[in-house]
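Novice: Give the three-dimensional model of this entry:
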Amino acid sequence: MSETSAADVALLSKRRPPLLLGPDMPVSDGDSDDVVLLVEGSAAANVLTPLGPHPFGTFRAPFFLTLHGALTGASGLCRFDPEAGSKILLCSGAEARQHLFDPSPAGGAFRRLALASVTTALREVNATLARFFDDVVPDPSWKPRPLAAPLPLPAASPADPGRVHDLFDAAGLDPSALPDLGLTERRIPPGGRLLSAGEPGREAYVVAEGRLRVSMRIPGVGEEALAFLGPGEVVGEMSLVDDSPRSADVVAQDGPVTVFALSREVFRTLVADGAPGGAPLLGGVVVALVRRFEESVRKAATFRVLAGPF
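Specialist: Okay, the predicted model is just below:
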């Protein structure tokens, strides 16, 4: 656990003692409205499917186990099996939703832990998707669709707040604050590639107009669409959180797309210093990540059913 993470856990632990879990005490989303933060130990994660649980990773503390249930209402997606001696903190769903956009130090600590947790979980479940059909022998006649040559990104220009539609409305983010937060505007032509899997990530993007398709190439299957993102949604933020390369391809779908670019430097400054003005934007990024995680988990459950009994 890093010093920052330890300090964030300590700050959130001030008003409640950690609870000890045993190996026979699994945590499932939907058990209650509580949000569970693993503060000591580790837990094995499973996607719940009609054919039984399917593992997609083991996560070490600090890690939010059931954040998605409180933020989006999804339940019955995952089960976490903690190792003996693991400890957790509990907070109500209402408290978690308040923390998400709270400009106080506690809110900053909550967002840092949430960003790290959801990013890690999303990368693990996406990696599971990519490996799902490793044992499938593809049709010899099948050939992947050729990759379109990536287009150079247009020059950045100041973000125009008037072009944002319902951007993080639930977070109460004022669009006029976007330029002050360091976001710049870019326009992607129809079919243009915004991101390519495997490339390094230096920016995240908020969709202002149009629609993006997020997809992954899966051996034996081909290109699989993971999500379609519209105005107010975020893409590319995972690489800003953990320095890993892009995990998916992102292209403009059905027409041109206008995005606001958030650089790694600006993003990390907002995360690290907990500036009150950045709270709504970072809270919105967490919500976007949680929704993406849900979509990937549901797809993993579908793949498990398609694969049939083992």
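
Novice: Any idea how far the lengthiest helix in the chain is from the middle of the chain?
Specialist: The residue-count maximum for a helix in the chain (DSSP state H) belongs to helix 279-307. Centroid separation between helix 279-307 and its chain, computed with C-alpha atoms, centre = their mean, to the nearest Å, is 6 Å.

Novice: Tell me the buried residues in that helix?
Specialist: Applying a neighbour-count criterion of 16 or more other C-beta atoms under 10 Å, one finds 279-297, 299-301, 303-304 buried in helix 279-307. Every residue, glycine included, has its C-beta placed from N, CA and C.

Novice: How about stretch 242-259?
Specialist: For stretch 242-259, by 16+ other C-beta under 10 Å, it's 246-253, 257-259.

Novice: Am I right that residue 240 sits in a strand?
Specialist: No: counting by DSSP: H, G, I helix; E, B strand; the rest coil, residue 240 is not found in a strand; it is helix.

Novice: what's the span of stretch 16-29, first residue to last?
Specialist: Terminal residues of stretch 16-29 are spaced 21 Å apart (C-alpha to C-alpha, to the nearest Å).

Novice: tell me the mean pLDDT over that stretch?
Specialist: Stretch 16-29 carries an average pLDDT of 81.

Novice: What are the buried residues along it?
Specialist: 18, 21, 26-29.

Novice: and it, how far from the chain's centre?
Specialist: The answer for stretch 16-29 is 24 Å, by C-alpha atoms, centre = their mean.

Novice: Give me the contacts around it.
Specialist: By C-beta atoms under 8 Å, 6 or more residues apart in numbering, the residues outside stretch 16-29 that reach it are 36, 39-41, 43, 48, 65-66, 68-69, 74-91.

Novice: Mind checking which of the buried residues of stretch 16-29 land in strands?
Specialist: Among these, the ones falling in strands (DSSP state E) are 27-28.

Novice: Closest one to residue 112 out of the buried residues of stretch 16-29, please.
Specialist: Minimum distance to residue 112 across the buried residues of stretch 16-29 is 18.5 Å, recorded for residue 18 (C-beta to C-beta).

Novice: On the strand side of things, show who the residue nearest to that closest one when sequence neighbours are not counted bridges to.
Specialist: The spatial neighbour of residue 18 that comes closest, neighbours along the chain excluded (C-beta to C-beta, 6 or more residues apart in numbering), is residue 87 at 4.0 Å. Listed by DSSP bridges, the beta-bridge partners for residue 87 are residue 20, residue 40.

Novice: contacting residues around residue 87?
Specialist: Per C-beta under 8 Å, 6+ apart, neighbours of residue 87: 18-21, 38-41, 61.

Novice: separation between it and residue 66?
Specialist: 15 Å (C-beta to C-beta, to the nearest Å).

Novice: number of nearby residues for residue 191?
Specialist: 14 (other C-beta atoms under 10 Å).

Novice: isn't it right up against residue 251?
Specialist: Yes: at 6.3 Å, residue 191 counts as touching residue 251 under the criterion of C-beta atoms under 8 Å.

Novice: and residue 32, helix, strand or coil?
Specialist: Going by three-state DSSP: residue 32 is coil.

Novice: what's the pLDDT at residue 105?
Specialist: Looking at residue 105, the pLDDT reads 90.

Novice: do the same with residue 111
Specialist: Taking residue 111 on its own, its pLDDT is 91.

Novice: From residue 78, how far out is the closest residue in space to it that isn't next to it in sequence?
Specialist: Leaving aside its chain neighbours, residue 111 sits nearest to residue 282 (5.0 Å; criterion: C-beta to C-beta, 6+ apart). As judged by C-beta to C-beta, residue 282 and residue 78 stand 24 Å apart.

Novice: ok, now residue 19?
Specialist: Per C-beta to C-beta, residue 19 is found 19 Å from residue 78.

Novice: Could you tell me which ranges of the protein sit under the pLDDT cut-off?
Specialist: Residues of the chain meeting the criterion pLDDT under 70: 1, 22-23, 132-180, 219-222, 307-310.

Novice: Double-check residue 39 against residue 10; I have them as touching.
Specialist: No: Residue 39 lies out of contact with residue 10 (C-beta under 8 Å); the separation is 9.3 Å.

Novice: who has more neighbours, those two?
Specialist: With neighbours defined as other C-beta under 10 Å, residue 39 and residue 10 compare such that residue 39 has more, 22 against 11.

Novice: show me where the chain has helices.
Specialist: Along the chain, counting by DSSP H, helices occupy 3-12, 67-72, 93-100, 105-131, 237-242, 264-273, 279-307.

Novice: got a list of what the nearest residue to residue 60 once chain neighbours are set aside touches?
Specialist: Computed as C-beta to C-beta, 6+ apart, the closest residue to residue 60 that is not its neighbour in sequence is residue 42, at 4.5 Å. Going by C-beta under 8 Å, 6+ apart, residue 42 touches 58-61, 82-83, 86.
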